[in-house]
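1. Structure for this input, please:
(chains A and B)
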Amino acid sequence: MNYVVLILGMAVITWVIRAAVFVLGDRLVFSPLVRTALGFVPVTVLTAIIVPMAVSPHGINAELTWRNPQLVGALAAVVVSALTRRPLLTIAVGLTVFFAWQCVVLK
Amino acid sequence: MTHSPEDQPIRTGHLKEFTAGARDIIPMMVGAAPFGVIFGTLVASGPLHLWHGQLMSLVVFAGSAQFIALGLIAGHASFAVIWATTLVVNLRHVLYSATLAPHVAHLSARWRWALGALLTDEVFAVAWEHYRHREPGTVGPHYFFGAGLAMYLNWQLWTIAGLLFGAAFPGLQSLGLDFAMVATFIAIVVPQLVALRYIAAAATAGTLAFFWQAWPYKLGLLGAVFAGVAVGVLLSMSRPNLRGSRETAEAAR
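-> This is a model prediction of the structure:
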């Protein structure tokens, strides 16, 4: 019972944080400076999420070596995306390189 | 299309957008699967009932916050601490909703509450990739909703799998399924690095996120994002003439 209260509290907090700006809608006017800043949110946040996953997949120590399949797969995906700008091809090549590296090269 | 006397073509269009959203988020669903199973496994080995774990996935639907809450519950933290932590860990979602807000402003309040509830890291990435080529106000909610609902059902499914059979999948984390998320995010980010200010902002955020990843409650991630955004804004302001002329050109199109 107590844990239900805890979980429902977490749910309300999470929902309000996520939906507040949506629901306020027109009542919230962003200044040009804020709009410029928000334009940088997607590239920065997505990069900030994946760099640690690729560079230090097993904790916080950097694994800057060809024996790190996450890093090799990520670099392959970056090259394909920069050259072709095709999302599906990027994901396919990245995953293929990653799993091939993990299952074949490092065995 | 908009003046069709029948409902049918519009509904088909909605369904098409819905399935397109669900389809585009499939790599993210693969990436989230091991985390759902691990979450369920951790619940099964802790003080919570199994149905508490499923309830958390059903109503909170936030991977990082759920994992951290489990750790705090095991450490007998007070509810206030767990709620405050939930708030801090999820703060980045304010940036997501602010970024997407112009694209949902024309929808009903009910839609905006629903889409907000589904706004995870992965859903944000996929929805934004869909919106960014389009004018605000021209896209309905169905693509976003399809992506969000698919991700939501996926999370429920893998939570159940972890709760019931978690012990049967040891070493799931070492498979590296979460790399699907890395590859998808790269496919979204790299095509946008079209100018130095975007490259500098991304490089700053990525580098700092690596060095600050040991900070508690994902504050390192948040700090890295703010620093990256600041670099981007500074570089944008240092070239107002160029920006002004480009915006004029875009407005003229």
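
2. do you know how far B:Leu234 is from chain A?
-> According to Cβ to the nearest Cβ, to the nearest Å, B:Leu234 and chain A sit 10 Å apart. C-beta here means a position set from N, CA and C on the backbone, and glycine is covered the same way.

3. For that residue, the count of nearby residues, please.
-> A count of nearby residues for B:Leu234, using other Cβ atoms under 10 Å in any protein chain shown, gives 12.

4. Now do the helices in chain B.
-> B:8-24, B:26-44, B:50-59, B:63-74, B:79-89, B:92-104, B:109-117, B:121-131, B:142-165, B:179-189, B:196-211, B:219-237, B:240-252 (DSSP state H).

5. Reformat the ones you listed as CSV; add mean pLDDT.
-> Listed next are the helices of chain B as CSV, based on pLDDT from 0 to 100:
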stretch, mean pLDDT
helix B:8-24, 89
helix B:26-44, 89
helix B:50-59, 97
helix B:63-74, 89
helix B:79-89, 90
helix B:92-104, 94
helix B:109-117, 96
helix B:121-131, 95
helix B:142-165, 96
helix B:179-189, 90
helix B:196-211, 97
helix B:219-237, 94
helix B:240-252, 48
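
6. Below-threshold pLDDT in chain A: ranges please.
-> Where chain A drops to pLDDT under 70, the residues are A:1.

7. and with 90 instead?
-> Counting by pLDDT under 90, chain A has low-confidence residues at A:1, A:25-30, A:35, A:57-60, A:86-88, A:102-107.

8. Please name the residues that touch the residue nearest to B:Ala127 when sequence neighbours are not counted.
-> Leaving aside its chain neighbours, B:Ala127 sits nearest to B:Phe144 (4.6 Å; criterion: Cβ to Cβ, 6 or more residues apart in numbering or on different chains). Counting by Cβ atoms under 8 Å, 6 or more residues apart in numbering or on different chains, B:Phe144 touches B:21, B:104, B:115, B:118, B:123, B:127, B:130.

9. A:Leu83: which of these is nearest?
-> Minimum distance to A:Leu83 across the contacts of B:Phe144 is 22.9 Å, recorded for B:His130 (Cβ to Cβ).

10. Touching, the closest one and B:Gly21? I think so.
-> Yes. B:His130 is in contact with B:Gly21 according to Cβ atoms under 8 Å; the separation is 7.3 Å.

11. Would you check how far apart the closest residue to chain B within chain A and B:His130 are?
-> With Cβ to the nearest Cβ, the shortest gap between chain A and chain B falls at A:Ala19, namely 2.5 Å. A:Ala19 sits at a distance of 19 Å from B:His130 (criterion: Cβ to Cβ, to the nearest Å).

12. And these two? Which one has more around it.
-> Neighbour totals were compared for A:Ala19 and B:His130, and A:Ala19 leads with 22 against 18 (other Cβ under 10 Å).

13. what sits against the residue lying closest to the more buried one once chain neighbours are set aside?
-> Take A:Ala19 and drop its neighbours on the chain: the residue closest to it by Cβ to Cβ, 6+ apart is B:Gly116, 2.5 Å away. Contacts were defined as Cβ under 8 Å, 6+ apart; by that measure B:Gly116 touches A:15, A:18-20, A:22-23, B:97.

14. Let's have those in CSV, adding secondary structure.
-> Below are the contacts of B:Gly116 laid out as CSV (DSSP: H, G, I helix; E, B strand; the rest coil):
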residue, secondary structure
A:Trp15, helix
A:Arg18, helix
A:Ala19, helix
A:Ala20, helix
A:Phe22, helix
A:Val23, helix
B:Ser97, helix
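
15. Same list (these) but as JSON lines, adding distance to B:Val194.
-> Formatted as JSON lines, these follow (distance: Cβ to Cβ, whole Å):
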{"residue": "A:Trp15", "distance to B:Val194": "35"}
{"residue": "A:Arg18", "distance to B:Val194": "29"}
{"residue": "A:Ala19", "distance to B:Val194": "31"}
{"residue": "A:Ala20", "distance to B:Val194": "31"}
{"residue": "A:Phe22", "distance to B:Val194": "28"}
{"residue": "A:Val23", "distance to B:Val194": "33"}
{"residue": "B:Ser97", "distance to B:Val194": "25"}
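
16. by how many degrees do the stretch of helix or strand A:Leu83 belongs to and helix B:179-189 diverge?
-> If you go by DSSP states H and E, A:Leu83 is part of helix A:69-84. Inter-element angle recorded for helix A:69-84 and helix B:179-189: 30 degrees (by axes from the mean of the first three to the mean of the last three Cα atoms, to 10 degrees).

17. For the next helix-or-strand element following helix A:69-84, give me every contacting residue.
-> Following helix A:69-84 in sequence order, the next helix or strand is helix A:87-100 (DSSP H and E). Applying Cβ under 8 Å, 6+ apart, the contact partners of helix A:87-100 are A:69-70, A:72-74, A:76-77, A:80-81, A:84, B:27, B:129, B:176, B:179-180, B:182-184, B:186-188, B:190.

18. Can you give me every residue that contacts the closest residue in space to B:His93 that isn't next to it in sequence?
-> The shortest distance from B:His93 to any non-neighbouring residue, by Cβ to Cβ, 6+ apart, is to A:Arg18 (4.5 Å). Neighbouring residues of A:Arg18 by Cβ under 8 Å, 6+ apart: B:90, B:93, B:96-97, B:116-117, B:119.
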